[in-house]
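J.: what's the 3D shape of this:
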Amino acid sequence: MDVQPPDATYRPAGDSGLVTQLLREAADGRAGALDEALPLVYDELRRLAAAVRQQGTGATLDTSALVHEAYLRLAQTDGAVPWAGRQHFLRVAARAMRQVLVRNAEHRGAAKRGGGVADVTLADDLHGRPPTDDEVLDLDQALQRLDAINTRQAAVVEVRFFAGLTVEETADVLGVSAPTVARDWRLARVWLARELAP
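T.: Residues are numbered from 1 along each chain as shown. Okay, here's the model as predicted:
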């Protein structure tokens, strides 16, 4: 199976300066600041969620439900996360969407799969079939192991696969160069292919 980043067009929020200011206020503990930021990034979160849904993951969640569940996870951190700005928010939102999808896959009974690891590879082409719940869970577990070895490579996979960002957009969100993202993407794909081989 080929799992690739969703085909999403990433567009920055209209007023990223205001978003950054609100996120910093939320980090400083101002009640409601994260709620004020949500309308400014809602369309962006919907685009990310729609891209994830195009992959066929989280089949029981529509786009709005995925955004709302991910936002609820983000809202629970209100005041607890030292938001570094809009890029950091999008990275955390990608992680929240990943957690929502994994949780839903687990709840649908994916833990009762037959022996063996699902055959999951990461590819850049858009011709693969959508991943199954089992494959989402296997990828999540492999990403946890990769994070222990190379946090940046795990973040690249998480942002590209679960948020559907391009190499350039991922570089912007993670604060590294596009060549670094491309290299990390290649290395992570090789590592994950080995980890996920049946």
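
J.: quick check: E25 touching A33?
T.: Yes. If you go by C-beta atoms under 8 Å, E25 and A33 touch, sitting 3.9 Å apart. In short, each C-beta sits where N, CA and C put it, glycine included.

J.: which residue comes closest to the most centrally placed residue in the chain once chain neighbours are left out?
T.: Centrality entry for the chain: nearest residue to the mean C-alpha point is A94, 2.8 Å, by C-alpha atoms, centre = their mean. Nearest residue to A94, sequence neighbours excluded (C-beta to C-beta, 6 or more residues apart in numbering): A163, at 3.7 Å.

J.: the strands in the chain, which residues?
T.: Along the chain, counting by DSSP state E, strands occupy 2-3, 121-122.

J.: give the contact list for the residue nearest to the centre of the chain.
T.: By C-beta atoms under 8 Å, 6 or more residues apart in numbering, A94 lies in contact with L48, E158, V159, F162, A163, L165.

J.: and the residues you listed, which two are the farthest apart?
T.: L48 and E158 (11.9 Å; C-beta to C-beta).

J.: those two: who's more crowded?
T.: Using other C-beta atoms under 10 Å as the criterion, L48 and E158 rank with L48 on top: 27 against 23.

J.: wait, R95 touches E158, no?
T.: Yes. Here R95 lies in contact with E158, judged by C-beta under 8 Å, at a distance of 6.2 Å.

J.: so, low pLDDT: which residues of this protein?
T.: For the chain, the stretches with pLDDT under 70 are 1-16, 51-61, 77-82, 109-131.
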